[in-house]
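Trainee: Could you look at this predicted model? Sequence included:
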Amino acid sequence: MSVKISVSINGKNYTSEVEPRQLLVYHLREALGLTGSHVGCDTSSCGACTVLVDGLAVKSCTTLAAQVDGCKVTTVEGLAKNGSLHPIQEGFKEEHGLQCGFCTPGMIMAAADLLQNNPNPSETEIRHALEGNFCRCTGYHNIVRSIQWAANKLKETNAAVL
Amino acid sequence: MTYIGQSVKRVEDKRFTTGKGKYTDDIKLVGMTHAHIVRSPYAHANILSIDIDAALAHPGVVAIFTGKDIAAAGINGVPAGWQVNFKDGTTMKEPPHPLLVADRVKHVGDGIAVIIAEDAATARDAADLIEIDYEVLPCVTNPAEAVKAGAPLVHNDAPNNICFDWELGNPKAEVDAAIAASHHVTRLDLVNQRMAPNAIEPRSAIGHYDDSKDKFTLYTTSQNPHLTRLLMCAFVLGIPEHKVQVIAPDVGGGFGSKIFHYIEEALVIWASKQIGRPIKWTSTRSEAFLTDAHGRDHVTTAEMGFDKEGNVTALRVSTFANLGAYISTFAPAVPTYLHGTLLQGLYTTPKIHVDVTAVFTHTNAVDAYRGAGRPEATYLLERLMDTAALEMGMDPAALRFKNFIPAFDGITQPGYQTQVALQYDSGNYEPVLERALEMVDYENFRKQQAEGRKNGKLLGIGFSTYIEACGIAPSAVVGALGARAGLYESAQVRVQPTGKVSVFTGSHSHGQGHETTFAQVVADRLGIAMEDIDIVHGDSDSVAFGMGTYGSRSLAVGGSAIVKSIDKVLEKGAKIAAHKLEAAEEDLEYAGGRWTVKGTDKSIGFGDVALTAYVPHDYPAGLEPGLDFSSFYDPTNFTYPFGCHIAIVEVDADTGKVTLKRFIAVDDVGNVINPMIVDGQIHGGLAQGIGQAMLEGVAYDSEGQLMTGSFMDYAMPRADDLPSFEIDRKVTPCPHNPLGVKGAGEAGCIGSTPAVVNAVMDALTPFGIIKNLEMPMTSQRVWRAMHQK
């Protein structure tokens, strides 16, 4: 048994047949080859799989692929435009907000959600917004600075997050 | 352009920030199948029967193998990489660790069968159809309990569950006498709780047998692919090493847990030949909690003697170290040569004795976890120091200043010979404590603390001045201590005909940024641009050999191997340059990527020399073409980073909740190539060390069930659990490696834990001197400590 879904992913339309139990993250990774969204746990705790669905950060490991029928999904692969890093990606590079890189796509997508709603977050607000995402490498110190860097860049260039 | 010392942005980051990193689980091979491991739900049980028929008949299942198949194929268990003998000289007990267990399971998570199916979900579905009858047996999980008479045995041939006992230091009678004669003795009974490393990328392995070439390829989440290949080929499967390529692509963190050779790697390789298709296995987080080697798990009694003035007179330590059910790759070295040897700390303690009993229990294996042994040593030393200061009514900083080993550079002054085998390379310990006191504004803090106490506010400060042994390690030394491998590193520097450079290193980066740091070193030494350098690692077919990355060894050992090869490149390059410039070699100098005849404007660039080496038409007679050199670097000593960490906490008097208000770290890791990356390493280490003090801990219940089997149950630090860190550093170069570097990967994790616990103890002094604070310091534990009679 399978269900037919039609989804816009990173601006491109995909029509697929999926098993009803198929999780969005495995659909992205295995069916579509978008392996930037990672699986770091099985309890929706680590946030490495975070993507935006209709602009909201969701954990794609606890979202069924069938649930996003008709939705607009943005993954980490959809942020860089014309070969230029998105300001959040740039911030992570400039402020050394990543080491092994495994949590990074989820962190970046969580940051995108935050900055859409709060373009000028305080350190406390950033740390609170990241509480659904684990990083084991950085101690979060530089992730906070990366997001602050991105917030400033977005302000300076008067750019929208998405 | 000088790159060394600059915070060069990482070359790795483009692929990681755009989702283009290539981790093992991202790899998809044609015809690939998926494996699921059926694991024991019991800590200790006899397997009476296994019925796989229904599972095998499930649509999509390709094959199922059990322990019987593994035994029938003559496959050995996973070997131990380090042998520690009993005090009486007899060899340690080394029971086999089979890939799959056929008879008696020994911990929850022990592998029993592997199901291979067309997709991962089908393999998991089929697992529900396997029927296994168990006879459940009594178990033991605590190492101090496991050695008692009558405790259930993990292995029949290891009486009292003892793998080995071990001692180090001055004769025990001398230390006993020194303790007995001391003016004051501080004694602590400590539990250094078991930790789950929890790299965010779960382990994964893909085995692929290509019968057309009779060649195996293993993609795996490894910190040391060559070591995995060696152990798997020579000891487990008995397959020829030159027919096996091991690739550790992008690896999402390790922290020690990905050093070891695991059963799943050998299973997917062996089974891929049986079924003629590639097999991928990827751990779930639940499996990671059950089977990624854990860390720490020591039960210790430590006593420190002092004279009237507060000088340390002696240290006596007795530890039960939990090994788990099987000996993991480096497990015997962790509680012994990486722990006992660090008990000198930064102090002039004249008499030291340490006694370690390594114990089997019905739990997952324990092995190196960030710091490995050194955090355990630092924890007991630094808890003793702050507790002793309180007991003797001394200031904890003053007590340390009084006992520090005086400064020595290891060049004009000799290294410092400890009572526990090591010789420290160079050290200057007062400045790190002085700087940390300045950063924390110590006098002012004590005033605030006193003021706060009047209003019931419980502020505390905790110190930790630590040392570690890194740059692991001189092969002859570790060989004499039981290592079954050398711990050198290899590097090949291949200059391409156009003067671009490919560097092949046996170090492996899983977050440390080698592609950047190593390129900075190469660029500076050769005087060329970083963009002209590519760092290749993690592939046993590309890189000659490697011992991998752990023990803060990459730059100190792997970087030194690169420098050796660069030296050879420049030596040969000079011969070619001299020929082209029609000058004597000794008249040349090399700078900025050019050889110049001293005192003239005659010069030739690195690129032209490289091209000449590969197009040797006008070339020195008798010189081989090409510009490509390999080296192995075997260090002459460990390196000894050190530092001072200070925590400031506030304890809620009503609830016992601990809030970490500030964390100050002043570390001395020798010379620094990329300050940004070193700071990042320190930050991450601090978070893990603070996590152990405040939040984390693996717990088994009395039945041997893992109570902390998911991120819902095991509390890892999240962003809002931690403050921003205040860090600085001092630089005492390493005197024995060419870069003067000591290593920064573990420092944060080694120093930080006791600082936090000491700070809580300090905060609670209105309730008396509370010595039995146990980690993690949950509100409940701290509240109970405050209210104990």
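Mentor: Happy to help now that I have it.
Trainee: The nearest residue to residue B:499 once chain neighbours are set aside: which element?
Mentor: Nearest residue to residue B:499, sequence neighbours excluded (Cβ to Cβ, 6 or more residues apart in numbering or on different chains): residue B:607, at 3.0 Å. (C-beta placed from N, C-alpha, C; glycine too.) Residue B:607 is part of helix B:606-614, with elements assigned from DSSP states H and E.
Trainee: who touches that helix?
Mentor: The contact list for helix B:606-614 (Cβ atoms under 8 Å, 6 or more residues apart in numbering or on different chains) reads B:495-499, B:526-528, B:572-573, B:576-577, B:580, B:593-595, B:618-619, B:625-627.
Trainee: Let's see which of these end up in strands.
Mentor: Under the assignment DSSP state E, these contribute B:495, B:594-595 to strands.
Trainee: Can you lay out those residues as JSON lines showing pLDDT and distance to chain A?
Mentor: Shown next, in JSON lines, are those (pLDDT from 0 to 100; distance: Cβ to the nearest Cβ, whole Å):
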{"residue": "B:495", "pLDDT": "98", "distance to chain A": "29"}
{"residue": "B:594", "pLDDT": "98", "distance to chain A": "32"}
{"residue": "B:595", "pLDDT": "98", "distance to chain A": "36"}
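Trainee: any idea which of those residues is closest to residue A:25?
Mentor: Residue A:25 has its nearest neighbour among the ones in strands among the contacts of helix B:606-614 in residue B:495, at 43.6 Å by Cβ to Cβ.
Trainee: what separates the residue of the stretch 501-650 of chain B found nearest chain A from residue B:212, distance-wise?
Mentor: Of all residues in the stretch 501-650 of chain B, the one sitting closest to chain A is residue B:511 (3.3 Å; Cβ to the nearest Cβ). Residue B:511 sits at a distance of 36 Å from residue B:212 (criterion: Cβ to Cβ, to the nearest Å).
Trainee: neighbour-wise, which of these two wins?
Mentor: residue B:511 (30 against 5; other Cβ atoms under 10 Å in any protein chain shown).
Trainee: Report the contact partners of that one.
Mentor: Taking Cβ under 8 Å, 6+ apart, one finds A:99-101, A:137, B:251-254, B:684 in contact with residue B:511.
Trainee: mind listing what's buried in stretch B:99-112?
Mentor: B:99-102, B:104-112 (16 or more other Cβ atoms under 10 Å in any protein chain shown).
Trainee: export those residues to JSON lines and tack on pLDDT, distance to chain A and secondary structure?
Mentor: Shown next, in JSON lines, are these (pLDDT from 0 to 100; distance: Cβ to the nearest Cβ, whole Å; DSSP: H, G, I helix; E, B strand; the rest coil):
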{"residue": "B:99", "pLDDT": "98", "distance to chain A": "24", "secondary structure": "coil"}
{"residue": "B:100", "pLDDT": "98", "distance to chain A": "23", "secondary structure": "coil"}
{"residue": "B:101", "pLDDT": "98", "distance to chain A": "24", "secondary structure": "coil"}
{"residue": "B:102", "pLDDT": "97", "distance to chain A": "28", "secondary structure": "coil"}
{"residue": "B:104", "pLDDT": "98", "distance to chain A": "28", "secondary structure": "strand"}
{"residue": "B:105", "pLDDT": "98", "distance to chain A": "22", "secondary structure": "strand"}
{"residue": "B:106", "pLDDT": "98", "distance to chain A": "25", "secondary structure": "coil"}
{"residue": "B:107", "pLDDT": "98", "distance to chain A": "20", "secondary structure": "coil"}
{"residue": "B:108", "pLDDT": "98", "distance to chain A": "17", "secondary structure": "coil"}
{"residue": "B:109", "pLDDT": "98", "distance to chain A": "15", "secondary structure": "coil"}
{"residue": "B:110", "pLDDT": "98", "distance to chain A": "20", "secondary structure": "coil"}
{"residue": "B:111", "pLDDT": "98", "distance to chain A": "18", "secondary structure": "strand"}
{"residue": "B:112", "pLDDT": "98", "distance to chain A": "20", "secondary structure": "strand"}
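Trainee: Pick out whichever of these sits closest to residue A:36.
Mentor: Nearest member of the buried residues of stretch B:99-112 to residue A:36, counting by Cβ to Cβ, is residue B:109, at 30.1 Å.
Trainee: Is it correct that the closest one is in contact with residue B:37?
Mentor: No - the criterion here is Cβ atoms under 8 Å, and residue B:109 misses it with residue B:37 at 9.0 Å.
Trainee: what do these two both touch?
Mentor: Joint contacts of residue B:109 and residue B:37 (Cβ under 8 Å, 6+ apart) are residue B:287.
Trainee: Check the residue lying closest to residue B:671 once chain neighbours are set aside and give its pLDDT.
Mentor: Of all residues not flanking residue B:671 in the chain, residue B:740 sits nearest, at 4.0 Å (Cβ to Cβ, 6+ apart). If you check residue B:740, the pLDDT there is 97.
Trainee: number of nearby residues for residue B:740?
Mentor: Using other Cβ under 10 Å: residue B:740 sits among 18 other residues.
Trainee: Who are the contact partners of it?
Mentor: Counted by Cβ under 8 Å, 6+ apart, residue B:740 has contacts B:670-671, B:733-734.
Trainee: By neighbour count, which bits of stretch B:154-173 are buried? Give me those.
Mentor: B:154-155, B:158, B:161-170.
Trainee: Parallel or antiparallel, which strands does the host helix or strand of residue B:665 pair with?
Mentor: Using DSSP H and E, residue B:665 sits within strand B:658-668. If you go by DSSP bridges, strand B:658-668 pairs up with strand B:642-651 (antiparallel), strand B:726-729 (parallel).
Trainee: Relative to the whole chain's centre, how far out is it?
Mentor: 22 Å (Cα atoms, centre = their mean, to the nearest Å).
Trainee: can I get the CA coordinates of that strand in PDB?
Mentor: Extracted in PDB, the C-alpha atoms of strand B:658-668 (Å, rounded to 0.1, in the frame of the first residue of the first chain):
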ATOM      1  CA  VAL B 658      22.700  24.100  40.600                       C
ATOM      2  CA  THR B 659      23.100  26.900  38.100                       C
ATOM      3  CA  LEU B 660      26.500  27.300  36.500                       C
ATOM      4  CA  LYS B 661      27.000  31.100  36.500                       C
ATOM      5  CA  ARG B 662      30.500  31.400  35.000                       C
ATOM      6  CA  PHE B 663      33.200  29.000  33.700                       C
ATOM      7  CA  ILE B 664      36.700  30.200  33.300                       C
ATOM      8  CA  ALA B 665      39.400  28.100  31.600                       C
ATOM      9  CA  VAL B 666      43.000  29.000  31.100                       C
ATOM     10  CA  ASP B 667      44.700  26.300  29.200                       C
ATOM     11  CA  ASP B 668      48.300  25.800  28.000                       C
END
